[in-house]
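K.L.:
The sequence and its predicted three-dimensional model are supplied below.
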Amino acid sequence: MTVPDRANSALTLTSAVAEGGIPVVHVSGILDATTRERFTERLAEIADDHGPDLVLDLAGVTFMDSRALGLIVHHWQRTMAAQGHFALVGVQYSNSKVMWVTGLAQRLPLYDTLEEALAAFKG
């Protein structure tokens, strides 16, 4: 089931459940101080409903600031602490430079496609 969220026109979140019950959140738009609260709430709702596993598809992100990256890192750490699976898909350097500037692009689990991320979960 796909659930769109259009509560903030600068950010669109669409969630679905992939094979194996893994929640996938497709993020489009801006991830910054103006959209952080809604992003935080939606990720918390998904974790409450589906457990710690999470795939964030960031291919549609047009800009990400350090606060949004901090939130992503928080969810990554939360998932790892719960022995779950976490992946970021479709991250584009031009829109998420903060991930490379901080060195987190080398630490976070980045995948080009959703299929690659889900295959890693199985492995």
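P.N.:
Looks like it arrived, so ask away.

K.L.:
CA only for contacts and neighbour counts going forward, please
P.N.:
Fine.

K.L.:
Sheet partners, orientation included, of the helix or strand containing Val17?
P.N.:
Per DSSP states H and E: Val17 is located in strand 11-18. With DSSP bridges as the test, strand 11-18 is paired with strand 3-8 (antiparallel), strand 22-31 (antiparallel).

K.L.:
what pLDDT, on average, does the helix or strand following the last one get?
P.N.:
Spelled out, that is strand 22-31. Remark: after strand 22-31, the chain's next helix or strand is helix 36-50, criterion DSSP H and E. Helix 36-50 shows a mean pLDDT of 91.

K.L.:
what do you get for stretch 87-102?
P.N.:
Mean per-residue pLDDT for stretch 87-102: 92.

K.L.:
buried set for it?
P.N.:
Ala87, Leu88, Val89, Gly90, Val91, Gln92, Asn95, Ser96, Lys97, Val98, Met99 (16 or more other C-alpha atoms under 10 Å).

K.L.:
shouldn't Gly66 be in contact with Ser96?
P.N.:
Rather than Gly, residue 66 is Ser. No. Counting by C-alpha atoms under 8 Å, Ser66 stays clear of Ser96, with 9.3 Å between them.

K.L.:
Do you know the pLDDT at Ala117?
P.N.:
Here the pLDDT value assigned to Ala117 is 95.

K.L.:
which SS state does the residue most central in space within the chain fall under?
P.N.:
For the chain, Leu56 is the residue whose C-alpha lies nearest the centre (C-alpha atoms, centre = their mean; 2.6 Å). Assigned by DSSP: H, G, I helix; E, B strand; the rest coil, the conformation of Leu56 is strand.
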